[in-house]
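K.L.:
Below: sequence and its predicted model.
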Amino acid sequence: MVERWKGKVIVMTRPVRVRFAPSPTGIPHVGNIRTAMSNWLFARHSGGKFILRIEDTDGARRVEGAVEAIMDSLSWLGLDWDEGPNVGGDYGPYVQSERLEMYRQAAARLVEQGDAYHCYCSPERLKEMREEQVSRKQPPGYDRLCRELTDKQCAEKESDGVKPVVRFKTPLEGRTTYNDVIFGEVTFEHGTLDDFVLLKSDGYPTYHLANVVDDHAMEISHVIRAEEWISSVPRHLLLYRALGLEPPEFVHHPMILGPDRAKLSKRHGDVSLLAFREKGYLSETMFNFLALIGWSLDDKTELLTRQELVDNFSLERIGKTGALFDHQKLDWMNGIYIRGLSQEDFTQRALPFLESGLPAEVKRPLSTEYIGQMLPLIQERAKTLAEVPDLVGFFFVDESDYEADSLIGKNMTAQSTIRALEVSEQRLEGLANFDTETLENLLRPLAEELELKTGQLFGTLRVATTGRTAAPPLFQTMTVLGKEVCLRRIKAALAKLDK
Ligand code: GLU
């Protein structure tokens, strides 16, 4: 398989295997999911495998329910994993806390060959050391006190019952250079790195060790992850080298930015993917929208189906600079996807929002037949599913707290409004059929008879029957409301004007 990147031909001898490797520390941020998507799109585009691996070796940061939220987020967007928790695979287990033995073996091997060492420094000593470094304005980092301990000194510490950590023996000189698929050539001086911990005293690995061991063991071909991990690459490359392993390709994704161009964070509002689901964005919208943050087909095409994104995805079109999370664009796009749903699909998706969003006094379960009549009237206008209960609330409850004045149209008086409502009431009362056509045939000529513009009469009737100045088309709305409700509300409107 040959792939061409940035004019260079890279011959890939290994099949594409990519992974999303979240730590279960909370509900996934849209940025994490964006990274998962790039992995998934790349795997699907190139016929490779997409792997889910849970990096849960930091017990202190583990959050209950986070793994479920990760899987829920991926599943909602249809980012199915070929290997991972729940589905298994030949390279499992896919949860790091179930792979501890592999990390311990790797650490032991590194110690044995002289690339790592036991460090017995107490947390208190390390804290003091750090404080001193800060006060002297030195970069923080381990001072390598245990690096040259003899076997005898180590044995003494052990017999005192001190549990060591394992640290990597970072070369004191030289540099590491690698070619990032997005950022190009990146060089790190070894002098800027300290002797980082590989294995903690409780026998758990650090991120660096577990990540490298697993990416190798799972035969990962491309590490596609967020830009913030770029500073880990030199440590990882040193580990690959010490373990005699060939590193994967590295692809660092620029950050998602808020409107102030700072990294998108809670400060900017909701940032978890699942919050957008709760707010009534469709998964199709989120898929399309997130795929275009920091990646583009041609700098102008905004609407792309899942298949088009898979067909066209390429790592080389991932941008180098952070990309904006544009809420306005998201709303616009969601409106388009909502309008594109079949009526039935729209009803199904809106139903849970209606169940939870309509006032408590509305009888549950809701009648899908009744809902099916009103939803087509607002489908054009809804930007999110969460707006639907508000857009259709007046179908369920008499919203009578509007101002009496809003019944009186432009160039109308209280008198002419009362007359218009009274005559309408009489005529509507006499109707045998209460359908859109009949209503139109009655009300259009009625406006003329009352010497009103149609807009004046319809406006008054709209407020009287819905309690709102903006509502879906009048005749259809009245048809769905039905004769009885319309007459009751017109009476109530007249009572309001009388006061
Ligand atoms: N566990 C890391 C995270 O939470 C993985 C980073 C990586 O992909 O190497 O994002």
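P.N.:
Structure's in. What do you need?
K.L.:
so who does I490 touch?
P.N.:
For I490, the contacting residues are L421, S424, E425, L428, L461, A464, T465, by Cβ atoms under 8 Å, 6 or more residues apart in numbering. Where C-beta positions appear, they are placed from N, C-alpha and C, glycine not excepted.
K.L.:
Check whether the residue of the stretch 101-250 of the chain at minimum distance from the ligand sits in a helix, strand or coil.
P.N.:
The ligand sits closest to R225 of the stretch 101-250 of the chain, with a gap of 3.5 Å, by Cβ to the nearest ligand atom. Secondary structure for R225, judged by DSSP: H, G, I helix; E, B strand; the rest coil, is strand.
K.L.:
what's the nearest residue to it if we skip its chain neighbours?
P.N.:
T35 (5.7 Å; Cβ to Cβ, 6 or more residues apart in numbering).
K.L.:
Specify the local secondary structure of that neighbour.
P.N.:
Under three-state DSSP, T35 falls in the helix class.
K.L.:
And for the one 4 residues further on?
P.N.:
Following three-state DSSP, the label given to N39 is helix.
K.L.:
Quick check: it touching F20?
P.N.:
Yes - counting by Cβ atoms under 8 Å, N39 sits close enough to F20 to count as a contact (5.2 Å).
K.L.:
interface residues of this protein facing the ligand?
P.N.:
A21, P22, S23, E55, N211, R225, W229 (Cβ under 6 Å from any ligand atom).
K.L.:
Give me the common contacts of N39 and F20.
P.N.:
With contacts defined as Cβ under 8 Å, 6+ apart, the residues shared by N39 and F20 are F50.
K.L.:
so where do the strands sit in the protein?
P.N.:
If you assign secondary structure with DSSP state E, the strands in the chain sit at 2-5, 8-11, 17-20, 49-52, 116-119, 165-168, 175-180, 184-189, 197-199, 222-226, 249-253, 256-257, 323-324.
K.L.:
Adding mean neighbour count, write the ones you listed out as TSV.
P.N.:
Rendered in TSV, the data for those read as follows (neighbours: other Cβ atoms under 10 Å):
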stretch	mean neighbour count
strand 2-5	12
strand 8-11	9
strand 17-20	26
strand 49-52	24
strand 116-119	22
strand 165-168	24
strand 175-180	15
strand 184-189	12
strand 197-199	24
strand 222-226	23
strand 249-253	23
strand 256-257	23
strand 323-324	16
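K.L.:
Confidence-wise, which of these is weakest overall?
P.N.:
Set side by side, those give their lowest mean pLDDT on strand 2-5, at a mean of 45.
K.L.:
returning to what we had before: which of the contacts of I490 tops the neighbour count?
P.N.:
L461 (28 neighbours; other Cβ atoms under 10 Å).
K.L.:
Pull the contacting residues for that residue.
P.N.:
Taking Cβ under 8 Å, 6+ apart as the contact definition, L461 lies against A420, L421, S424, L443, L474, M478, I490.
K.L.:
so who does the first one touch?
P.N.:
Contact analysis of A420 by Cβ under 8 Å, 6+ apart lists M412, L450, L452, Q456, L457, T460, L461.
K.L.:
Look up phi and psi at the first one.
P.N.:
Here is the backbone geometry of M412 (degrees, to the nearest 10): phi -110, psi 160.
K.L.:
Please name the nearest non-neighbouring residue to it.
P.N.:
Leaving aside its sequence neighbours, M412 sits nearest to Q456 (Cβ to Cβ, 6+ apart; 5.6 Å).
K.L.:
burial count for the one you found?
P.N.:
Taking other Cβ under 10 Å as the criterion, the count of residues near Q456 is 20.
K.L.:
In this structure it contacts K410, no?
P.N.:
Yes - counting by Cβ under 8 Å, K410 is a contact partner of Q456 at 6.7 Å.
K.L.:
In helices, which of the residues of the chain next to the ligand appear?
P.N.:
Restricting these to those inside helices, with DSSP state H as the criterion, leaves N211.
K.L.:
circling back to that earlier point, which one of the contacts of A420 is nearest to the ligand?
P.N.:
Distances from the ligand to the contacts of A420, taken as Cβ to the nearest ligand atom, are shortest for L461 (57.7 Å).
K.L.:
per-residue confidence at that closest one?
P.N.:
According to the model's per-residue confidence, L461 sits at a pLDDT of 98.
K.L.:
returning to what we had before: who are the contact partners of the residue nearest to R225?
P.N.:
Listed by Cβ under 8 Å, 6+ apart, the contact set of T35 reads F20, I224, R225, A226, H253.
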